[in-house]
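> Fold the following.
(2 chains)
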Number of protein chains: 2
Amino acid sequence: MKAWEMNVRRTVPYVPGEQPQAVNLVKLNTNENPYPPAPGVAKVLRETDADLLRRYPDPAAGALVRAIADFHGVAPEQVFVGVGSDDVLGMAFLTFFAGEKPILFPDITYSFYDVWADLFRIPYRRPALDENFRLRPEDYLQENGGIVIANPNAPTSIAEPLEVIERIAAGNPGSVVIVDEAYVDFGGQTALPLTAKYDNVLVVRTFSKSRSLAGLRIGYAIGCEALIRALQDIKYSYNSYTMNAVTIAAGCASVEDRAYFEETLAKVVATRETAEKKLRELGFTFPESSTNFLFATHETVPADYIFAELRRRQIYVRYFPKPRIDRFLRITVGTPEEMDRLCEALGEIISAYRPG
Amino acid sequence: MKAWEMNVRRTVPYVPGEQPQAVNLVKLNTNENPYPPAPGVAKVLRETDADLLRRYPDPAAGALVRAIADFHGVAPEQVFVGVGSDDVLGMAFLTFFAGEKPILFPDITYSFYDVWADLFRIPYRRPALDENFRLRPEDYLQENGGIVIANPNAPTSIAEPLEVIERIAAGNPGSVVIVDEAYVDFGGQTALPLTAKYDNVLVVRTFSKSRSLAGLRIGYAIGCEALIRALQDIKYSYNSYTMNAVTIAAGCASVEDRAYFEETLAKVVATRETAEKKLRELGFTFPESSTNFLFATHETVPADYIFAELRRRQIYVRYFPKPRIDRFLRITVGTPEEMDRLCEALGEIISAYRPG
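Purely as a prediction, here's the structure:
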């Protein structure tokens, strides 16, 4: 132990999904999009004048904020951007959950929430989802210092109807309710309309999934102007210039191409539906997915066995060895060809399995 | 007041220098480099395959970490990278200053330090620099929970000799001593050798000044492996993927071109020397600069007057209306042509000035 360690903050960090680098692998473990980003993104990269990089970027990322505001039909003052939705969510935890009362989020959800709470020393409680992994809204009507709901939820893929989110928002005027909509473009109902009606609802989105830009790091939040101002004050107290000049321009190009965005979404959703059918035939069950992944369990073969066997075949999916979800695999929807290779491998693995 | 505001963290954010957008302006207010980044950066932008952006970047930014480690002759395990040195410094405050005792930094220094301390509720004391803006090392031998020294300091431009930093490091084995070397490439002695000798010294650097990459957002820290591991644990507890794929590749291209780096530095230093001579002739005095800016005061004309008059002529410098430094202007070293235009304008302003 070093002498200075007494002053060090200790945490148990979030563990991101692996990023294996082999060539012929099928990577269905981090919910990336199998299609390239909008063609305008490539154009921005090709045409950016590197000389501009000697200047600081616009700290407000104004062009990107305006593009996102236009896309959603809200005012630019209602939009906050950050380095991926993790940056936006982390900043929102730091900004809005500074009270003494515990914040609330489900026992099964995005596994970064408790990491941020621990990092910023925010007390929290985790009401259990029901046996079908559904939210019990009444759990979120107890006293609290803030609420975070991923909708659709991860890793379950389940979307709750808007009424559930609204009941929670309406019942908690004294708390900010963060609705993490990382996957909402693939299904489910957005809570964006609630941001016009409730001053405590903050919707968080990402470019990493539906916009095929995980590598660029863009996330954003939409809420009433007072929420966005509070977030900005904390952002400017941490790092004035988070979005680099190339990212701002490339992000704009993505947002401005609505046709490509919708086309890509439709392809992913169609592949999901085909994959669901095939997986059912192989003996898998899963909740109805509103995301770009399936949360699948097999009737006889254990998830950790399938996970290891797929990995041996260079097919990567995600397995969480955690209570209540350790019988499930989270499988990203890839291209039709990738899903065919997955299903073929699953067929082999399942027919070769002998319970030990 | 909104009902949820009782749970909101309140801060007074850092105010970055203006980023005016007019065409014919002379921008000497944010210590940017007047020369473009290394040619390899433009090549990276032109040649990056946008399709790769659909994947998450390497969360460890391994290629960039290795390039920086090679450049400085340290192990990759001794290097931490972030979204500009502000991200690195903010993360270091959060990581290393979690004790109860006040941290120490000078009364006159980078004005983000107290903002981070307030944000993370870190108690602090600010020992006064002496009347020549020099550090009194004995001030940093009192009990503390951490120390931050910008060396060379901003906005004073003064570098303290390495012995001063070493005395502080040696006298505080129980505290992390952050040495913010944003400007060290332009002059002064680096504390990097101390990182091999003291396990409590963390040196922080940026690509924004000497590498002409303010627009790309890259900063880094070098220290012993234990310091870097502690920083990484906090980083992975906040945002796993901070450095985007383009930034990692472009940053590597910059670091790998040592000849261009040294050539650009030499040009800025030569221009600084010429500008010093001219400013002296105009009646300015300033400490000896070890940076890419001058901290200048005029014998008769007030700094705020000069600042406003320059601004009227589309020449931007930085003025801090703060105790002890409100007679000074911080003037970035631009191209020779920009400095000529500055000096010409200063000549006019000074000869037209009539004390009111």
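> Not counting residues beside it along the chain, what's closest to A:Pro287?
Counting by Cβ to Cβ, 6 or more residues apart in numbering or on different chains, A:Ile158 is the residue found nearest to A:Pro287 once chain neighbours are left out, at 4.9 Å. The way it works is simple: take the backbone N, C-alpha and C, and place the C-beta from them, glycine included.
> give me the element that neighbour is part of.
Following DSSP states H and E, there is no helix or strand that holds A:Ile158.
> Quickly find the element holding the residue nearest to A:Pro76 when sequence neighbours are not counted.
Excluding its sequence neighbours, the residue lying closest to A:Pro76 (Cβ to Cβ, 6+ apart) is A:Ala69, at 4.4 Å. Per DSSP H and E, A:Ala69 falls inside helix A:62-72.
> quick one: average confidence on that helix?
The average pLDDT within helix A:62-72 is 98.
> Identify each buried residue in it, please.
A:63-69, A:72 (16 or more other Cβ atoms under 10 Å in any protein chain shown).
> So which bits of the stretch 151-300 of chain A are right by chain B?
Where the stretch 151-300 of chain A comes near chain B, counting by Cβ under 8 Å from any Cβ of the partner chain, the residues are A:173-176, A:199-200, A:208, A:212-217, A:226, A:230, A:232-247, A:250.
> can you give me the helices in chain A?
A:39-47, A:62-72, A:84-96, A:113-119, A:162-170, A:192-197, A:225-235, A:245-256, A:258-281, A:303-312, A:336-352 (DSSP state H).
> Show me how far the last one is from its chain's centre.
On the basis of Cα atoms, centre = their mean, to the nearest Å, the separation between the geometric centre of helix A:336-352 and that of its chain is 26 Å.
> Buried ones in that helix, by neighbour count?
In helix A:336-352, counting by 16+ other Cβ under 10 Å, buried: A:338-343, A:345-346, A:349-350.
> Pull the number of nearby residues for A:Asn132.
Neighbour count of A:Asn132, defined by other Cβ atoms under 10 Å in any protein chain shown: 8.
> ditto for A:Pro137
Neighbour number of A:Pro137 under other Cβ under 10 Å is 17.
> how much space between it and A:Thr195?
For A:Pro137, the distance to A:Thr195 (Cβ to Cβ, to the nearest Å) stands at 19 Å.
> Equivalent analysis for A:Ala69, please.
Note on A:Ala69: its distance to A:Thr195, by Cβ to Cβ, is 12 Å.
> Spit out the residues that contact these two alike.
Common neighbours of A:Ala69 and A:Thr195 (criterion: Cβ atoms under 8 Å, 6 or more residues apart in numbering or on different chains): A:Gln78.
> re the thing from before, out of the helices of chain A, flag the one nearest B:Arg167.
With Cβ to Cβ as the measure, helix A:113-119 is the member of the helices of chain A nearest B:Arg167 (33.8 Å).
> what is the rounded mean pLDDT of that closest one?
For helix A:113-119, the mean confidence score works out to 96.
> Equivalent analysis for stretch A:221-237, please.
For stretch A:221-237, mean pLDDT rounds to 96.
> Go through it and flag the buried ones.
A:221-224, A:226-228, A:230-237.
> CA atoms only for it, dumped as CSV, please.
The C-alpha coordinates for stretch A:221-237 follow below in CSV (Å, rounded to 0.1, in the frame of the first residue of the first chain):
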residue,chain,number,x,y,z
ALA,A,221,-30.2,14.0,-23.4
ILE,A,222,-33.4,15.8,-23.9
GLY,A,223,-35.5,17.5,-21.2
CYS,A,224,-36.9,20.8,-20.1
GLU,A,225,-34.5,23.8,-20.3
ALA,A,226,-33.9,23.9,-16.6
LEU,A,227,-32.7,20.3,-16.6
ILE,A,228,-30.4,20.9,-19.5
ARG,A,229,-29.0,24.1,-17.9
ALA,A,230,-28.2,22.2,-14.7
LEU,A,231,-26.4,19.4,-16.7
GLN,A,232,-24.5,22.0,-18.6
ASP,A,233,-23.3,23.7,-15.4
ILE,A,234,-21.8,20.5,-14.2
LYS,A,235,-20.3,19.7,-17.6
TYR,A,236,-18.6,23.0,-17.8
SER,A,237,-17.3,22.3,-14.3
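> any idea how far that stretch is from the chain center?
The answer for stretch A:221-237 is 20 Å, by Cα atoms, centre = their mean.
> from what I can see A:Gly40 touches A:Ala253, true?
Yes: contact criterion Cβ atoms under 8 Å: A:Gly40 and A:Ala253 qualify, at 3.1 Å.
> quick one, what contacts the most centrally placed residue in chain A?
The residue lying closest to the centre of chain A (Cα atoms, centre = their mean) is A:Ala182, at 3.6 Å. By Cβ under 8 Å, 6+ apart, the contact list for A:Ala182 reads A:85, A:110, A:150, A:154, A:204-206, A:208-209.
> What about those, which are in strands?
Residues of the contacts of A:Ala182 located in strands (DSSP state E): A:150, A:204-206.
> okay, those in JSON lines with distance to A:Val164, neighbour count and pLDDT next?
JSON lines is the format used below for the ones in strands among the contacts of A:Ala182 (distance: Cβ to Cβ, whole Å; neighbours: other Cβ atoms under 10 Å in any protein chain shown; pLDDT from 0 to 100):
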{"residue": "A:Ala150", "distance to A:Val164": "13", "neighbour count": "29", "pLDDT": "98"}
{"residue": "A:Val204", "distance to A:Val164": "17", "neighbour count": "23", "pLDDT": "98"}
{"residue": "A:Arg205", "distance to A:Val164": "19", "neighbour count": "28", "pLDDT": "98"}
{"residue": "A:Thr206", "distance to A:Val164": "22", "neighbour count": "25", "pLDDT": "98"}
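> ok, the nearest residue to A:Glu299 once chain neighbours are set aside to chain B distance?
Once flanking residues are discounted, A:Glu299 sits nearest to A:Gly283: 4.8 Å by Cβ to Cβ, 6+ apart. According to Cβ to the nearest Cβ, to the nearest Å, A:Gly283 stands 31 Å off from chain B.
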